[in-house]
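S.K.: next input, structure requested:
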Amino acid sequence: MFRELYNVSTTKVMVLGCGCSASTLPTAEASHLWNLIQLSYGAYSPALSQRSVYPLFFRMVPPESTLNLMKIEVLKFFGWKQVATINPPGAKHEAATADFREKAEKVGIKVIVSETFTDDPTFQVANIKKQGVRIILGRFYAPEARKVFCRAYHEGMYGAKYVWIIPGYYQYDWWKIRDEDPVNCTVEEMRKATEGYFGIHVIALPEGDETNRVSGLSAQEYDIKYNEYVDHKSAELIGIEEAPFGYDGVWTVALALQQVEKKLQEMDPPSSIVSFTYDRRDITNLLFDIMSNTSFEGVTGAVKFTDTGDRIGPMQVEQNQGGVEKTVGIFDPARPKGNEFYWTRDVLWQGGKPPVDAFTEVHQAQKINKGLYAFIIVLAILGITLACGFLVFNILYRRKQIIKMSSPKLNNLIALGGIFVYLSIIFLGLDTNLVSKDVFCEMTTVFMWFLALGFSFSFGAMFSKTWRVHRIFTSKTVSQPKGIQDEHLFGQITGLVIIDMLILSIWAIVDPLFYHEVNGIAMESPDDDDVILIPVHITCISYWQNYFLGILLIIKGLLLIFGAFLAWETRQVRIPGLNDSKWIGMSVYTVVIVSFTGVPVQFFVSNPNANFALLSIFILFPTTLTMCLVFVPKIMMRNEVHNSIKHHTSMHGRNAVGVGGASEDIQRMTPQIERKESSRRRIATDDKATSTDDLANGSASVC
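M.R.: The predicted model follows:
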């Protein structure tokens, strides 16, 4: 065009063309500088509607912005609210996509993802699939369309679950064409990928229209003559859809020039179009006015232009049905507002119904199964019953030698701690399936209090007893204090409890727990592949919970380590009923193993039922084992120690000690125990004034 414009041998009066937006955009931006009116027969870019940039431009086709109206009508009809767009780079594509996004947002349609590809659309198509969008609007030419649909085939983005809406101006059987750089799909694969797509385009030749036009040909007569002209090979031609608009475009130019010539001849003095030069702005203005008021019937329908030089005309939506594009709907802007769009043929769906626009997300709150909760509660109640039974036994048989020697008051605390731990499980399982959100967080707090205090009561009492035995039998000095009373041990336990209460109170005041929902990994519903199930894990958290939990775990861990140390140090003290080091060692070992196994459960097991079941077992098992290790041996030995003490008194009366024990056990003492003989003798002397039963009481105060 630039070569022709600078050709001084001939003067051009108008410019007819170009056939696509890529060529029309730069030429239309320059042609007006020569005072030339330009008419395109196939440029759809919305950017060409800007009169400030393209002041003398007209076109025979509606802009893409008008085609976007039809796309939106189709989306609205089927209730599709979420879509994706994909197109190559370039101003013409980007302007059309931006216009669609603006119009779509006004009617509540959301563009979830908008992709642009240069040559290979692999990543972009895969990303659309990843986003879960089912309705995809593409704007590209046929070569790019073949690449996109081949990639869609490999991604499985076709068939009953997907809808593609693309331009409808491609040549017939465009998906069968093999490019110089062919796509990695067979013709059959391309047929499957393209089945059911919608093509949006202007109506080039209205069907069933026999009306005579200004050319003297109806739409059908034109079609017949055109096919004869191209030797019935129109299906092989590129741009066949634009041919009728080119035909009417020539008539538009001819009629405009005819009217201009007539008006120029009527002037005084008369003039002619042949006198036009690039400086004759008056002739350009006259021609512009005539073009703006153009109105005639062409083979493509009524030819009229808007103030922006755009064509007003009907559009159609076609569907690829069995490899044949069939018109299924029409959008006519000339119809009354609200009735512009109507269907002309049934739309065929591969799945028997329109697909959904995206996966339907169903959020499922993960709650503890009531049956599982009831079962765990039964186990917890049985545990409480067991602990209460041990407590009753400890009180009823507190005057028995074996019970006195094991410090019954501390045993009471062990049983009480077990009851607290069992109770914590009841509060652990109270989730939003049974209580409100606010109460749920309160129950979580109560759970932590009962568990922490129960641990301190049970293991604090257990380790305090062992510490007293350790002090008596492992001291390096001969002289011993008068005795370590239970009150001293209660003070130690009270200290542990106060530490727990202090930490938990500060936590509750400074950083209270609050309700929190965490979405789990989405998965497809087994009943409906259009539904995505998103598990919602409900929990109560606080901002600094890791620090508070860390402090509590460190304290409990140090307590377990100290208890294990005491159990090891006193392992050689074999006086029945006096030393629980063997059982304490087993208890500590069990708790440590379970703790290292159970704590990670909170972080790696997301299913609430599995989490609750495992965590409950990790609490029930060591608690029950510890209770049994502490109390069952005493139950079994409650009638054996009395005879053992009598035998020991008759054989070794001179060595009677306040802690009691059988002679055969004392003989098996290690040399370290023998070096404590004088210490034990002094302890026995302190309590000589008591009765035989009170002597055992004295041992309790020591042990």
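S.K.: list the buried ones in the helix or strand where residue 102 lies?
M.R.: Element membership for residue 102, per DSSP states H and E: helix 91-106. Under the neighbour-count criterion of 16 or more other C-beta atoms under 10 Å, helix 91-106 has 92-97, 99-101, 104 buried. Where you see a C-beta, it was placed from the backbone N, CA and C, and this is true even at glycine.
S.K.: ranges for the helices of the stretch 501-650 of the chain?
M.R.: Under the criterion DSSP state H, counting those that start in this stretch, the stretch 501-650 of the chain contains helices at 545-569, 581-598, 601-604, 608-637, 641-651.
S.K.: now the third one: average pLDDT?
M.R.: Spelled out, it's helix 601-604. On average, the pLDDT along helix 601-604 is 68.
S.K.: is it fair to say residue 180 lies in a strand?
M.R.: No - using DSSP: H, G, I helix; E, B strand; the rest coil, the assignment for residue 180 is coil, not a strand.
S.K.: and it, how many neighbours?
M.R.: 5 (other C-beta atoms under 10 Å).
S.K.: mind checking how far residue 291 is from residue 259?
M.R.: 9 Å (C-beta to C-beta, to the nearest Å).
S.K.: so between the two, which is more surrounded?
M.R.: Higher neighbour count among residue 291 and residue 259: residue 291, with 21 against 17, using other C-beta under 10 Å.
S.K.: returning to what we had before: now distance to residue 438 too, for the helices of the stretch 501-650 of the chain, in TSV please.
M.R.: Shown next, in TSV, are those (distance: least, C-beta to C-beta, whole Å):
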stretch	distance to residue 438
helix 545-569	18
helix 581-598	28
helix 601-604	22
helix 608-637	19
helix 641-651	54
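S.K.: could you dump those to CSV with mean neighbour count?
M.R.: Formatted as CSV, these follow (neighbours: other C-beta atoms under 10 Å):
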stretch, mean neighbour count
helix 545-569, 16
helix 581-598, 18
helix 601-604, 11
helix 608-637, 19
helix 641-651, 16
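S.K.: these: which one's closest to residue 178?
M.R.: Judged by C-beta to C-beta, the one of those that comes nearest to residue 178 is helix 601-604, at 52.7 Å.
S.K.: could I get stretch 47-56 in CSV with only the CA atoms?
M.R.: C-alpha atoms of stretch 47-56 as CSV (Å, rounded to 0.1, in the frame of the first residue of the first chain):
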residue,chain,number,x,y,z
ALA,A,47,-9.0,-1.3,18.3
LEU,A,48,-10.2,-0.2,14.8
SER,A,49,-13.3,1.4,16.3
GLN,A,50,-11.2,4.2,17.7
ARG,A,51,-12.1,7.3,15.6
SER,A,52,-9.2,9.3,17.1
VAL,A,53,-6.7,6.8,15.7
TYR,A,54,-8.5,5.7,12.6
PRO,A,55,-10.6,8.7,11.6
LEU,A,56,-11.4,7.6,8.0
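S.K.: and the contacts of that stretch?
M.R.: Under the contact criterion C-beta atoms under 8 Å, 6 or more residues apart in numbering, stretch 47-56 has outside partners 21, 24-25, 28-29, 31-32, 35-38, 40, 57, 59, 63, 65, 91-92, 95, 284, 288, 307-310.
S.K.: now do the buried residues in it.
M.R.: So, applying 16+ other C-beta under 10 Å, buried residues of stretch 47-56: 47-49, 54, 56.
S.K.: what's the first helix or strand after the host helix or strand of residue 124?
M.R.: Using DSSP H and E, residue 124 sits in helix 122-130. Going down the chain from helix 122-130, the next helix or strand is strand 135-138, by DSSP H and E.
S.K.: who does that following strand pair up with?
M.R.: In the sheet, strand 135-138 lines up against strand 82-87 (parallel), strand 163-167 (parallel) (DSSP bridges).
S.K.: the nearest residue to residue 551 once chain neighbours are set aside and residue 553, how far apart?
M.R.: Using C-beta to C-beta, 6 or more residues apart in numbering and skipping residues adjacent in sequence, the residue nearest residue 551 is residue 503, 5.9 Å away. Per C-beta to C-beta, residue 503 is found 11 Å from residue 553.
S.K.: do residue 77 as well
M.R.: 60 Å.
S.K.: re earlier: which of the helices of the stretch 501-650 of the chain sits closest to residue 365?
M.R.: helix 608-637 (9.2 Å).
S.K.: now the angle from that closest one to helix 581-598?
M.R.: Interaxial angle, helix 608-637 versus helix 581-598 (axes from the mean of the first three to the mean of the last three C-alpha atoms, to 10 degrees): 180 degrees.
S.K.: want to throw the buried residues of helix 91-106 into a markdown table with pLDDT and distance to residue 454?
M.R.: A markdown table is the format used below for the buried residues of helix 91-106 (pLDDT from 0 to 100; distance: C-beta to C-beta, whole Å):
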| residue | pLDDT | distance to residue 454 |
| --- | --- | --- |
| 92 | 78 | 73 |
| 93 | 84 | 69 |
| 94 | 86 | 67 |
| 95 | 85 | 70 |
| 96 | 87 | 69 |
| 97 | 90 | 64 |
| 99 | 90 | 68 |
| 100 | 93 | 64 |
| 101 | 93 | 61 |
| 104 | 94 | 60 |
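S.K.: now, which of the residues you listed sits nearest residue 270?
M.R.: residue 92 (43.3 Å).
S.K.: surely that closest one is in contact with residue 45?
M.R.: Yes - contact criterion C-beta atoms under 8 Å: residue 92 and residue 45 qualify, at 4.1 Å.
S.K.: what is in contact with those two at once?
M.R.: What both residue 92 and residue 45 touch, as defined by C-beta under 8 Å, 6+ apart, is the set 21, 25.
S.K.: all helices of the stretch 101-250 of the chain, in order?
M.R.: Under DSSP H, counting those that start in this stretch, the stretch 101-250 of the chain gives helices at 122-130, 142-155, 187-194, 219-229, 243-265.
S.K.: most packed of those?
M.R.: helix 142-155 (a mean of 21; mean count of other C-beta atoms under 10 Å).
S.K.: which one's the longest helix in this protein?
M.R.: Counting by DSSP state H, the longest helix found in the chain is helix 437-474.
S.K.: chain center to stretch 615-630, what's the gap?
M.R.: 38 Å (C-alpha atoms, centre = their mean, to the nearest Å).
S.K.: and the contacts of that stretch?
M.R.: With C-beta under 8 Å, 6+ apart, stretch 615-630 has contacts from 376, 379-380, 383, 386-387, 390, 411, 414-415, 418, 421-422, 424-425, 428-429, 451, 454, 458-459, 462, 580, 583-584, 586-587, 590-591, 594-595, 597-598, 601-602.
S.K.: can you pull the contacts of residue 350?
M.R.: Counting by C-beta under 8 Å, 6+ apart, residue 350 touches 159-160, 195-196.
S.K.: out of the residues you listed, which end up buried?
M.R.: For the contacts of residue 350, buried by 16+ other C-beta under 10 Å: 195-196.
S.K.: right, and the pair among the contacts of residue 350 with maximum separation?
M.R.: 160 and 195 (10.2 Å).
S.K.: the residue lying closest to residue 116 once chain neighbours are set aside: which element?
M.R.: Nearest residue to residue 116 in three dimensions, chain neighbours excluded: residue 89, at 5.4 Å (C-beta to C-beta, 6+ apart). Per DSSP H and E, residue 89 falls between elements, in no helix or strand.
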